[in-house]
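Asker: need the 3D shape of this:
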Amino acid sequence: MTSTESQDSSLSLTFDVTRTRVVLRAATDFRDQFAGLVGHISPGAQSGPLTAEIGLDEFLAAVGELATWPDAAVVWEEALANLVTSVLDDADTAEQRLTGSAQLTAIGAPSASNVIDLLGASWAADLTNFQRRDVAALLGMRHGANFSVPGAGKTRVALAIFAAMRTRGEAQRLLVICPKSAYESWQFEAGACFDKPLRTSIMSGAPDPMAEVVVVNYERLARSVPNLSAWLRTASSMIILDEAHRMKLGSSGAYGAACLALGPLANRRLILTGTPAPNGARDLESLLSFVWPGHGKRVVTDAVGGGNLAYASSVLRPLFTRTTKTELGLPPVTTKIRYVDLPDLHREIYEALKGNPGARAGDLDALGKAMLRMLMAATSPALLAEGTTRYEPLAYQVPPLEASPHDSLNTLLKNLPQHELSPKYTEAVKIVAENVADKRKTIVWSTFVRSIMTLERLLEPFSPAVVHGGSKDRDDQIRRFREDPQCFVLISNPATLGEGISLHHDCHDAVYVDRDFMAGRFLQSLDRIHRLGLAPNTETRVTVLAARNTVDEIVAHRLEEKLEFMGGILDDPAVRQLGDLQEDETLSAGGMDTADIYALLAHLREKE
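Answerer: So this is what the prediction gives:
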């Protein structure tokens, strides 16, 4: 293997411009051999008789095939050659851990009891027993993953790893890739963990050349790869992906491609997420491919291929650390699913949207059968109708009007709030009212902004705080929910508030008006009110609303399967339990019935 350019090479290997693919070029005399080589590494990857482009992970997984090349005049781009050497060393280390042959007493693999000694004289923070255990395990690997639950202190553990690397002289710089909501945590911990705070920079343009820690969000990452690559090459470095599930699409997604391009430039790679496999094995493959390019994907595939999750967990467990909620001593959470029946008109419209039209005239094909629209229709088909503004709340009629048998389905869809109240909204109001009677605050989750705005109107007597992606006063709304004794409800969507906020000191009840298929978002949003710091006797209650015989039941089933998989891989029964929801048959919370809800609406109408 050589990294010196040669005009007489039979085969050359270089990165493409994205650094996520390897370009192979062969000399004319080796056309047949080249086709055979590429066919073994990645069938169909040839872009010409003598050229091929192969995904980096796929290439690294099959790099051993190069041993069959018949000529020694092979030229490697230096950076690619270094990466291959590093990957082979990493794969060997990982294999030793997987087979149990690595000794924890070896150099760089400390026990929890002597971790602090390795962090250097500048380390100034305390570490819990769980954090020391996780630091010790991660220092025993060249690269690693921390899948601990929120509140376990993954940020502090990661900075302890960096401190040990600095002390060894193996890393002078740290690149943190995280959501914007995590900026504050990284800035605080980078100051609190060291007697002299690390020079930390939130990247807005080019990275600060003097910074010890650069923090950048996933949205900015793709266009920042060239500048960050140069910054990482200037000094020995470490990369941390916080909320690493954001790159679960791997090289096929913008976030994943950028992460995979930057990863090989660091001496150590570490990923942090409490939800590493929200949609199954492929998510885990992408994450571990960042940690161990060319090796991580194969390990996951081999482990889960037989379908035995207990076996897969035992195989993969040496490659990650995880502190569970049970280990943290959190009180249990009660999770229930409450099924509601659709009223007659609602059911008729829903069935028509699904493709089962009844006798009424009307064509709803223009709305399509997109899954998100069906999820919306299970709450209220009227949410699909165009309002005077994009997020105009539904205006329910008090008292409701009788529908004409001659109305078309399109007319009924638009006018449904005049005839029927959504049973999900009814139940949400009931639950919140009951909680208010007990002086308990509630967070109400809904995927869709128009649904959030409708709930804001229905829950007006309880002074709701509202946060969605377009909110300009997010911090003020959250502060009001926490501090105002008259504000008993916060309405939001998991895409906006599912990460980066703690509400567990103020709120112990959650209601899901709807859920989508994203298990990670469901878990992350649950963690807003169930995390470290809860009093031992705290009762945390979660109610999921679902309409019978609708897409809601499909969602519930798929989330159960996904959480069963993730709980099995992580060996965490608490995750499995969150998918196996107990059916809640209570349908009269707070003593309210549908007539009471309409009376409430009439009261609100008087104020308009």
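Asker: only C-alpha atoms from now on, for both contacts and neighbour counts.
Answerer: OK.
Asker: separation between the most centrally placed residue in the chain and Leu270?
Answerer: For the chain, His245 is the residue whose C-alpha lies nearest the centre (CA atoms, centre = their mean; 4.2 Å). In this view, His245 and Leu270 are 13 Å apart by CA to CA, to the nearest Å.
Asker: what do you get for Asp32?
Answerer: 41 Å.
Asker: the nearest residue to Ala192 once chain neighbours are set aside: which element?
Answerer: Closest residue in space to Ala192, ignoring its immediate chain neighbours: Ala125 at 6.7 Å, by CA to CA, 6 or more residues apart in numbering. If you go by DSSP states H and E, Ala125 is not part of any helix or strand.
Asker: does Ala125 touch Cys193 like I think?
Answerer: Yes - between Ala125 and Cys193 there is a contact under CA atoms under 8 Å: 4.6 Å.
Asker: more neighbours: which of the two?
Answerer: Cys193 (20 against 14; other CA atoms under 10 Å).
Asker: what segments of the stretch 101-250 of the chain are helices?
Answerer: 129-139, 154-168, 183-192, 218-234 (DSSP state H, counting those that start in this stretch).
Asker: between Asp32 and Leu270, which one's more packed in?
Answerer: Neighbour count, other CA under 10 Å: between Asp32 and Leu270, Leu270 has more, with 25 against 12.
Asker: do you know how far the nearest residue to Leu118 once chain neighbours are set aside is from Pro264?
Answerer: Distances taken as CA to CA, 6+ apart put Ala164 closest to Leu118, at 5.5 Å, once the chain neighbours are dropped. Distance from Ala164 to Pro264, counting by CA to CA: 20 Å.
Asker: swap in Pro207?
Answerer: Where Pro264 is concerned, Pro207 sits at a distance of 18 Å (CA to CA).
Asker: now Asp29
Answerer: 33 Å.
Asker: counting neighbours, go ahead and name the busier of those two.
Answerer: Pro264 (24 against 10).
Asker: contact partners for the more buried one?
Answerer: Pro264 makes contact with Leu83 under the criterion CA atoms under 8 Å, 6 or more residues apart in numbering.
Asker: that one in helix, strand or coil?
Answerer: Under DSSP: H, G, I helix; E, B strand; the rest coil, Pro264 falls in the helix class.
Asker: gap between it and Lys297?
Answerer: 16 Å.
Asker: try Met376
Answerer: 36 Å.
Asker: ok, now Leu394?
Answerer: Distance from Leu394 to Lys297, by CA to CA: 47 Å.
Asker: quick check: buried residues in stretch 405-425?
Answerer: For stretch 405-425, the neighbour count (16 or more other CA atoms under 10 Å) marks 408-410, 412-425 as buried.
Asker: so which of the residues you listed sit within helices?
Answerer: Taking DSSP state H as the definition of helices, the buried residues of stretch 405-425 contribute 409-410, 412-419, 423-425.
Asker: next, format those as TSV and append distance to Ser9 and pLDDT.
Answerer: Converted to TSV, those look like this (distance: CA to CA, whole Å; pLDDT from 0 to 100):
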residue	distance to Ser9	pLDDT
Leu409	71	80
Asn410	69	83
Leu412	73	83
Leu413	69	83
Lys414	70	86
Asn415	74	86
Leu416	73	88
Pro417	74	87
Gln418	77	89
His419	78	90
Pro423	72	94
Lys424	69	96
Tyr425	70	95
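Asker: okay, now Ser12: neighbour count?
Answerer: 20.
Asker: run through the bridge partners of the residue nearest to it when sequence neighbours are not counted.
Answerer: Distances taken as CA to CA, 6+ apart place Val75 nearest to Ser12, at 4.6 Å, with adjacent residues excluded. Beta-bridge pairing for Val75 (DSSP bridges): Thr2, Ser12.
Asker: distance check, Val75 against Gly64.
Answerer: 16 Å.
Asker: ditto for Trp292
Answerer: 16 Å.
Asker: domains for this structure, by residue range?
Answerer: 11-76, 85-323, 333-337+422-607, 347-419 (automatic domain parsing).
Asker: ranking the ones you listed by mean pLDDT, which is last?
Answerer: Across the domains of the chain, domain 347-419 has the smallest mean pLDDT, namely a mean of 79.
Asker: what's the spacing between that domain and its chain's center?
Answerer: 32 Å (CA atoms, centre = their mean, to the nearest Å).
Asker: compute the first-to-last residue distance for it.
Answerer: Termini of domain 347-419 sit 13 Å apart (CA to CA).
Asker: repeat that for stretch 239-252.
Answerer: Across stretch 239-252, first to last residue, CA to CA, it's 20 Å.
Asker: ok, and what's touching it?
Answerer: 20, 158, 174-179, 218, 253, 255-260, 263, 266, 268-277, 282-284, 286-287.
Asker: list the buried ones in that stretch?
Answerer: For stretch 239-252, using 16+ other CA under 10 Å, the buried residues are 239-251.
Asker: quick one: which of those residues is nearest Ala45?
Answerer: Closest approach between the buried residues of stretch 239-252 and Ala45, by CA to CA: Ser251, at 15.7 Å.
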